[in-house]
Each structure stands twice: as C-alpha cells, then as structure tokens.
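In: Any chance you could fold what I've pasted below:
(one chain, ligands or ions: 1)
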Amino acid sequence: MDVIAVDDPTDAQIRQWHAVLLAVHADDPAGDPAPEPEQTVARLLGAEQGSRQRLFAAVEGGEMVAVAALRLPGEPGADRPGEIDIRVRPGHRRRGLGTRLLAEAARGLRGDGRSSVLAQVTAGTPAIPFLETHGFHCVLTLSGLQLDLADVPPERVAALVAAGPPGYELVRWRGVVPDEYAAALARAKHAMADMSAYEGAPWDADRVREMAEMVNKRGDGLYTVAAVRGTTVAGFTEIVVPADTPECAAQYDTAVVPEHRGRRIGIWVKAAMLEWLRAERPEVREIETDNAGDNVHMLAVNEELGFQRQRESREYQAAAADLPG
Ligand SMILES: CC(C)(COP(=O)(O)OP(=O)(O)OC[C@H]1O[C@@H](n2cnc3c(N)ncnc32)[C@H](O)[C@@H]1OP(=O)(O)O)[C@@H](O)C(=O)NCCC(=O)NCCS
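Out: Numbers count the residues shown, from 1 in each chain. Sure thing, here's the model as predicted:
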C-alpha cells in the first residue's frame, strides 16, 4: 500500500476518489444524498475561496482505497485550524489506513504552520473511536432536527401565532431585508453571537444584505419573519427554500435579542413562519435544522413545534503536536 499526494489530480484519480466516496456513502447513507460526480470534481479541483487544500490517497493494486482532504483556510501560518476529512473503503478498515492518512495530513498541517485541526463527524460512527484514539476531543455537538409539516396541525400553529406577546408585531419579507429594518436586523443577528461559537466579521446592515443577495443569486428563496417593537427587531427566524429541492427547506438563523427573551418570541416567529410557508410555498414538506447541543432553549422551541431529532453531528479538534506522524 502506498500513500500518495494528489495535489494535481488527473481525471482518473478524480474518478477513483469519487468511487471511494460512493462506497463509504453506500455503507452508511445516514439520510444524506450520495455525492454527485460534479461535486467531487469541484471539491478536488478548486479549493473554496480564501482557502487551500492538500489531498492524499492510499493506493493498493493501482486502486484508491482511502482518501484524505486537508483544508487550510486563510494564508499559510494563519492562526486558524485546518479541517480534515478521511474516508476509508469499508472493506479496508481497521488496517491502519486511516491512521497513515492522518499522519500524512498532520505533516501537511505542521508544514503549513498550523497548530490544530478540526473534523466534522456523525455520532455513533467509527469516526468517533478513531478520532478519540488519535488525540482529538469533542468541541461541539449539533443535533440534526427535522420537521415533517404534515405532522403539524394547522390549528396548533394558528393558536401559537395568536398567542404572541402584547406590544410586538410580526413583519415578514422575502429576500433582502427592507431598508427600515436592516440595521435593527443586524443588531438582532448579533444576538446569535452569545449562542454559538461565533467567528467572522460582525453583522452590519451591509453584511445582512449581502447574505440575502447571495441566496437570491443561487436562485433559492430566503424567507424572514421578525417580531418588532417600534423600530427594534426583538427576534427573527429565517428559512431558505432551495430552488432544486423545494420540498426540503433549511432553517437558517433564529435569534431573540437578550432583553426580549422569556416571552415566547422564538416560538411565535417560528409558528408564523410555518403558517406563511404553508400558504406561500405549499410544496415544502419538511424543514431541517441543526442546534448546538447546549442550546437548550432553541431545542425546546423546536421540539415543541414538532421537530424530531435525527442524527447528532460533532466537531472534534486536536492539537497538531498530538497527531500521529
Ligand atoms: C473513521 C475511519 C476513517 C477509520 O479508518 P480506519 O482505516 O479503519 O482506521 P485505522 O485502522 O487507522 O484505526 C485506528 C484505530 O482507530 C480506532 N477505531 C477505528 N475504527 C474503529 C471502530 N469501528 N471501532 C472501534 N475503534 C475503531 C481503533 O483504536 C483503531 O485501532 P485498532 O484497529 O488497532 O483497534 C473509517 O472508519 C471511515 O472511513 N469512516 C467513514 C468516514 C468517516 O466518518 N470519516 C471520519 C472523518 S475524519
């Protein structure tokens, strides 16, 4: 078995890489669609903007049997963790291939001046014991939740909408936020910052508009419902209906500003969103969302609305110094 760097993959190597991804997916589909060949081509040939990548493969008898992609966000030596993804064909596991690829990626990581690495994995899969034996620890859990709209009685949604707190009103818009609410929405987006590990530029009116324009450009529909008092956005929720799979909508941000919490504004805006979607986009059949495992309030709101827990995903982190190799 050889481990090779695939920094400039040929067409044949891309096909073999894709075959490994398909074999791993077939073994544990976990509800996700199988990767499409074009996605693999795009992933291998073009790193995301502002990021570079190193690719490695384990080859046996001329066939790729395991692959590893190391993403390196930012400039070399940037004080940001790398991101690793390793996939080993089911028939070739527990023979040290994953460990060999991790060691190779660790050299790439250290060579780029990084001090740590992250991995996104699903709870209950072999990835957990694999990472834990190699110095990784869990830094974040995310519960995947799904709401089947057919399971939510319209009368219950109507009752929740009618039970909104006094002194607030509901407003809604599709796409870019109306100018009168842009700054207030940016302030409310800041309220997300204390709920989750928050990275990136602070929210301002321009960034809020840019995010909406990006969704528009993809052809997807962004729907926002906000609870406002005067010119203040006290809370809001966003849903994106993808152009290619409109039956499965994605929950984007939901937040209630700290001084307006405890008045059931979170469930109010979400119920109003369900009512609006039903009228406006009847083809939406389910909504998917992820909640941080320690975000008990948001989990409670979602479960009260009827969201069912699906899989738990976890983010693991390791210091480069603790990795094999
Ligand atoms: C996780 C994965 C990469 C491990 O690959 P692998 O080649 O089987 O791993 P290794 O043989 O190097 O295993 C090293 C050690 O990890 C632990 N380990 C790996 N798989 C395990 C399992 N199913 N159960 C318990 N321990 C396991 C063991 O301690 C193992 O050592 P041992 O075999 O001597 O007991 C592979 O199962 C896989 O491709 N899973 C699907 C994709 C995925 O989740 N990738 C993780 C993203 S980083």
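
In: Is Ala34 part of a helix or strand, or is it coil?
Out: With DSSP: H, G, I helix; E, B strand; the rest coil as the basis, Ala34 sits in coil.

In: Report the separation between it and Asp27.
Out: As judged by CB to CB, to the nearest Å, Ala34 and Asp27 stand 11 Å apart. In short, each C-beta sits where N, CA and C put it, glycine included.

In: try Leu299
Out: From Leu299 to Asp27 the distance is 30 Å (CB to CB).

In: higher neighbour count, these two?
Out: Leu299 (18 against 12; other CB atoms under 10 Å).

In: Tell me which residues touch the more buried one, please.
Out: By CB atoms under 8 Å, 6 or more residues apart in numbering, the residues touching Leu299 are 143, 145, 291.

In: I figured the second one was touching Glu286, is that so?
Out: No. Taking CB atoms under 8 Å as the definition, Leu145 is not a contact partner of Glu286, at 10.4 Å.

In: tally of neighbours for Val241?
Out: Val241: 22 neighbours (other CB under 10 Å).

In: what about the nearest residue to it once chain neighbours are set aside, distance to the ligand?
Out: Leaving aside its sequence neighbours, Val241 sits nearest to Gly221 (CB to CB, 6 or more residues apart in numbering; 4.2 Å). Distance, Gly221 to the ligand, using CB to the nearest ligand atom, to the nearest Å: 32 Å.

In: what's the answer for Ala321, then?
Out: For Ala321 relative to the ligand (CB to the nearest ligand atom), the value is 18 Å.

In: ok, the closest residue in space to that residue that isn't next to it in sequence - contacts?
Out: In this structure, Ala321 finds its nearest non-sequential neighbour in Ser115, 7.6 Å apart by CB to CB, 6+ apart. Ser115 makes contact with 79, 81, 319-321 under the criterion CB under 8 Å, 6+ apart.

In: A strand includes Leu72, no?
Out: Yes. Residue state for Leu72 (three-state DSSP) corresponds to a strand.

In: quick one, what contacts it?
Out: Neighbouring residues of Leu72 by CB under 8 Å, 6+ apart: 51-54, 78, 82, 108-109, 112, 114.

In: which of those residues are buried?
Out: 52-54, 82, 108-109, 112, 114 (16 or more other CB atoms under 10 Å).

In: Can you tell me which of those residues is nearest the ligand?
Out: Ranked by distance to the ligand (CB to the nearest ligand atom), those are led by Gly82 at 11.8 Å.

In: any idea how far Gln13 is from that closest one?
Out: Distance from Gly82 to Gln13, counting by CB to CB: 22 Å.
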